[in-house]
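In: pasting the sequence and the predicted coordinates here, then a few questions.
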Amino acid sequence: MSGLGKGITTASIGRLLKNRGYEVTAVKIDPYLNIDAGTMNPAQHGEVFVLSDGGEVDLDLGNYERFLDINLKSIHNITTGKVYQRVIERERRGDFSGATVQIIPHITDEIRHRIIRAAQEEINGGRKAEVCLVEVGGTVGDIESMPFLEAVRQMHAELAPQDMVLVHVTLVPMDAMGDLKTKPTQHSVKALRELGLQPDIIVCRGSEVIGPQTKKKISAFTDVPVKAVISAKDVPDIYQIPVELEKEGIAEVVCNYLAIENREADPAWYRVVSREYTNRVTVAIISKYGIEDVYMSIKESLKHAGRALSTEVNIRWLDAETLGPQDLADVDGILVPSGFGKRGVEGKIRAIRYARENKKPYLGISLGFQLAVVEYARHVLGIPDATSEEMEDGTHVIAIPGEEDASGAMHLGNCNVTLREGTMVAGLYGTTTTVERHRHRYEVNPEFARDLEDAGLAFTGFCEDRIEVCELTDHPFYLATQFHPEFRSSPTNPSPPYIGFVDACKKSRIYSGTGETPEW
Ligand code: GLN
């Protein structure tokens, strides 16, 4: 079922294989009818993750990229929408030469074709994967996931036994008496078997360790060897899950099923994700959404930077509509993330002003960049009605420029970014050219660029002809980017803006504010 940790389990198994020197890739199947996650409300579905090719996909692909250090593409996210769209297009074209087009075989064939195609897609540096992890979203028994499970069944029946291993992730809850309940697992395995699928491995999720007795019981009911019943208890840090699964011996079981050598695991990754913390900082993230999953990649990027700097990052989630200066007084840094629409914007602007005037480290991402420009235009340049065209009438310092093409197509995915030499941002990246991912419609209105710069806001990064980075020099750390560096951060490759920000937060206590109660 959703929220159980299938994505992290998938990513973790991949990591264990990768640590053994195998090339891995991953595919996420989302059984919904949307073509992609681009139009989905993040408050319902969590973050929309953006891939290098501009694919707007499920946040699990972010976990795969972070755990596996690979670059995935849109084809690695298969949705019911994409599958049906393609089959119906082909039907209209006459590709099926008069046949009755049906879920079996036409939809299942399309699913199988897509899985194989994605598995064969080159990963970083033109290499091909040796193992492809396929995560089927949803719950066994859901109507939506039936065609996908049927496609998996067909593949399983056709492939050699050592070419596919089936992992079932299941909930093993504890009752009020403190007993672990195996009933949900018995039933979900029964449901799987009715679909013709017998799991090879069962990963048991829950708040407790599954001991040998419970494993034996699950094994007896499901015909899965005890060794292949794996305990996966909740842990506070997702990057410890591969470590825990390693101890449970899952890699050996997977390697045995796949008839590949269970090579010795390279410990380098564990060292990176287990580095000791010697400091702790608190960062305020100003958001209008009540759920943290909306900013999954930002949260993870702060963790990656924190690990690299031996600094534990505590996040204080603040509601943009209700926050006041008292909420910000004791934080070490302020982050305004991406967002769409007007709600909460004024609170975010107040938080940015607070950060600027009180010399708190500030990191702005996408909308957080646009609002930094608005805030500066209002309070330093002196344009009281400065705003973004997305929000309201006024002086649009953020706009969709160009009269002919005001359609406002979304800038999505990779774009080369040029950083101005000698600036803070170029220092952080250690280069003046980089590539970052995008997801925005609006941009800095070039008409105001000169005045803003003259007033002291330095524009230090550009993408094509668009202004994409701003920073302040008379401030300990004030950086905002139109692009989303969090989509390229991983534990082994933390993102430079996040490193700079967390490092500044670490030092933040030594800066003194103005001492006055700020205007709010
Ligand atoms: N809503 C803004 C835009 O479309 C910012 C987008 C974002 O924060 N990702 O330009």
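Out: Alright, I've got the coordinates.
In: low-scoring stretches of the stretch 351-500 of the chain, by residue?
Out: Within the stretch 351-500 of the chain, the stretches with pLDDT under 70 are 403-408.
In: what residues does it put near the ligand?
Out: Contact residues, the stretch 351-500 of the chain versus the ligand (CB under 6 Å from any ligand atom): 366, 367, 370, 390, 439, 440, 441, 442. Every residue, glycine included, has its C-beta placed from N, CA and C.
In: excluding chain neighbours, what is closest to residue 131?
Out: Take residue 131 and drop its neighbours on the chain: the residue closest to it by CB to CB, 6 or more residues apart in numbering is residue 24, 4.9 Å away.
In: so which residue is dead centre in the chain?
Out: The residue lying closest to the centre of the chain (CA atoms, centre = their mean) is residue 62, at 3.5 Å.
In: which non-adjacent residue is nearest that one?
Out: Per CB to CB, 6+ apart, closest to residue 62 is residue 49, 4.1 Å.
In: got it, and residue 90?
Out: Nearest non-adjacent residue to residue 90 (CB to CB, 6+ apart): residue 96, at 6.6 Å.
In: if we can go back for a sec, partner residues bridging the residue nearest to residue 62?
Out: Per DSSP bridges, the residues bridged to residue 49 are residue 57.
In: from now on call the first residue 47
Out: In the new count, where the first residue is 47, that last one comes out as residue 95.
In: one step back: how many neighbours does the residue nearest to residue 136 have?
Out: By other CB atoms under 10 Å, 13 other residues sit near residue 142.
In: just checking, it is part of a strand?
Out: No - the assignment for residue 142 by DSSP: H, G, I helix; E, B strand; the rest coil gives coil, which leaves it out of any strand.
In: against the ligand, how distant is it?
Out: Going from residue 142 to the ligand by CB to the nearest ligand atom, to the nearest Å gives 40 Å.
In: and what of residue 301?
Out: 41 Å.
In: may I have the phi/psi pair for that residue?
Out: Main-chain torsions, residue 301, degrees, to the nearest 10: phi -60, psi -40.
In: I'd say it and residue 307 touch.
Out: Yes - at 6.7 Å, residue 301 and residue 307 qualify as touching, with contact defined as CB atoms under 8 Å.
In: let me know the secondary structure of residue 546.
Out: At residue 546 the chain is in helix, as set by three-state DSSP.
In: count of neighbours near it?
Out: Neighbourhood size, residue 546 [other CB under 10 Å]: 21.
In: ok, for it, nearest residue in space, not its chain neighbours?
Out: residue 474 (4.4 Å).
In: quick check: which element contains the one you found?
Out: Using DSSP states H and E, the secondary-structure element containing residue 474 is helix 470-475.
In: show me what that helix is packed up against.
Out: Using 3 or more CB pairs under 8 Å, 6 or more residues apart in numbering; DSSP states H and E as the contact test, the elements touching helix 470-475 are strand 457-465, strand 504-509, strand 512-517, strand 524-527, helix 542-553.
In: swap in 7 Å and give it another go.
Out: In terms of contacts (3 or more CB pairs under 7 Å, 6 or more residues apart in numbering; DSSP states H and E), helix 470-475 is packed against strand 457-465, strand 512-517, helix 542-553.
In: CA atoms of the next helix-or-strand element following that helix as CSV?
Out: Next in sequence after helix 470-475, counting helices and strands by DSSP H and E, comes strand 479-486. Provided in CSV are the C-alpha atoms of strand 479-486 (Å, rounded to 0.1, in the frame of the first residue of the first chain):
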residue,chain,number,x,y,z
THR,A,479,29.3,26.7,-16.0
THR,A,480,27.0,24.0,-14.7
VAL,A,481,23.8,22.3,-15.5
GLU,A,482,20.7,22.4,-13.3
ARG,A,483,17.1,21.4,-13.6
HIS,A,484,14.1,23.8,-13.9
ARG,A,485,10.4,24.0,-13.4
HIS,A,486,9.0,27.5,-13.8
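In: before we move on, back to that, which pair in the residues of the stretch 397-546 of the chain next to the ligand spans the largest distance?
Out: Pairwise distances across these peak at 13.6 Å for 436 and 485 (criterion: CB to CB).
In: relative to the ligand, how far out is the residue nearest to residue 546?
Out: According to CB to the nearest ligand atom, residue 474 stands 21 Å off from the ligand.
In: does that residue touch residue 542 like I think?
Out: Yes - counting by CB atoms under 7 Å, residue 474 does reach residue 542; the two are 4.0 Å apart.
In: what are the ranges of the strands in the stretch 97-246 of the chain?
Out: Under the criterion DSSP state E, counting those that start in this stretch, the stretch 97-246 of the chain contains strands at 102-103, 123-125, 177-182, 213-217.
In: among the ones you listed, which is the most enclosed?
Out: Highest mean neighbour count of the strands of the stretch 97-246 of the chain: strand 123-125, a mean of 24 (counted as mean count of other CB atoms under 10 Å).
In: what is that one packed up against?
Out: strand 70-76.
In: give the buried residues for the next helix-or-strand element following the strand it packs on.
Out: As assigned by DSSP H and E, the chain's next helix or strand after strand 70-76 is helix 88-91. Residues of helix 88-91 classed as buried: 88, 91 (neighbour count, 16 or more other CB atoms under 10 Å).
In: contact partners of helix 88-91?
Out: 83, 94, 335, 337, 340 (CB atoms under 7 Å, 6 or more residues apart in numbering).
In: if we go to 10 Å?
Out: Contacts with helix 88-91, where a contact means CB atoms under 10 Å, 6 or more residues apart in numbering, come from 48, 76, 78, 80, 83, 94, 104-105, 334-337, 339-342, 384-386.
In: of these, buried ones?
Out: Of those, these count as buried by 16+ other CB under 10 Å: 76, 78, 83, 94, 104-105, 334-335, 340-342, 384-385.
In: chain center to the lowest-mean-pLDDT helix or strand in the chain, what's the gap?
Out: Sorting the helices and strands of the chain by mean pLDDT, DSSP states H and E puts helix 88-91 at the bottom, at a mean of 86. Relative to its chain's centre, helix 88-91 lies at 13 Å (CA atoms, centre = their mean, to the nearest Å).
In: with only the CA atoms kept, save it in PDB.
Out: What follows is helix 88-91, C-alpha atoms only, in PDB (Å, rounded to 0.1, in the frame of the first residue of the first chain):
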ATOM      1  CA  PRO A  88       1.600  18.100  -4.500                       C
ATOM      2  CA  ALA A  89      -0.400  18.400  -1.300                       C
ATOM      3  CA  GLN A  90      -2.100  15.100  -2.300                       C
ATOM      4  CA  HIS A  91       0.600  13.300  -4.000                       C
END
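In: is the ligand contacted by it?
Out: No - on the criterion CB under 6 Å from any ligand atom, helix 88-91 is out of touch with the ligand, staying 10.4 Å away.
In: let me see the mean pLDDT of stretch 366-373.
Out: The average pLDDT for stretch 366-373 rounds to 92.
In: that should have said stretch 160-172, apologies.
Out: On average, the pLDDT along stretch 160-172 is 92.
In: what are the boundaries of the helices in the stretch 147-296 of the chain?
Out: 154-166, 192-204, 229-240, 258-268, 287-294, 296-304 (DSSP state H, counting those that start in this stretch).
In: between helix 296-304 and the fifth one, find me the angle.
Out: Computed by axes from the mean of the first three to the mean of the last three CA atoms, to 10 degrees, the angle separating helix 287-294 from helix 296-304 equals 70 degrees.
In: identify the residues contacting helix 287-294?
Out: For helix 287-294, using CB under 10 Å, 6+ apart, the contacting residues are 51, 54-55, 57-62, 64-65, 113, 249-250, 255-256, 261, 273, 275-281, 283, 296-298, 300, 311, 313, 315-316, 319-320.
In: any idea how far that helix is from the chain center?
Out: Offset of helix 287-294 from its chain centre (CA atoms, centre = their mean): 22 Å.
In: what's the angle between that helix and helix 258-268?
Out: Using the same axes, to 10 degrees: helix 287-294 against helix 258-268 is 90 degrees.
In: buried stuff in helix 287-294?
Out: 287, 288, 289, 290, 291, 292, 294.
In: same question for the first one.
Out: For helix 154-166, burial by neighbour count (16+ other CB under 10 Å) applies to 154, 156, 157, 158, 160, 161, 164, 165.
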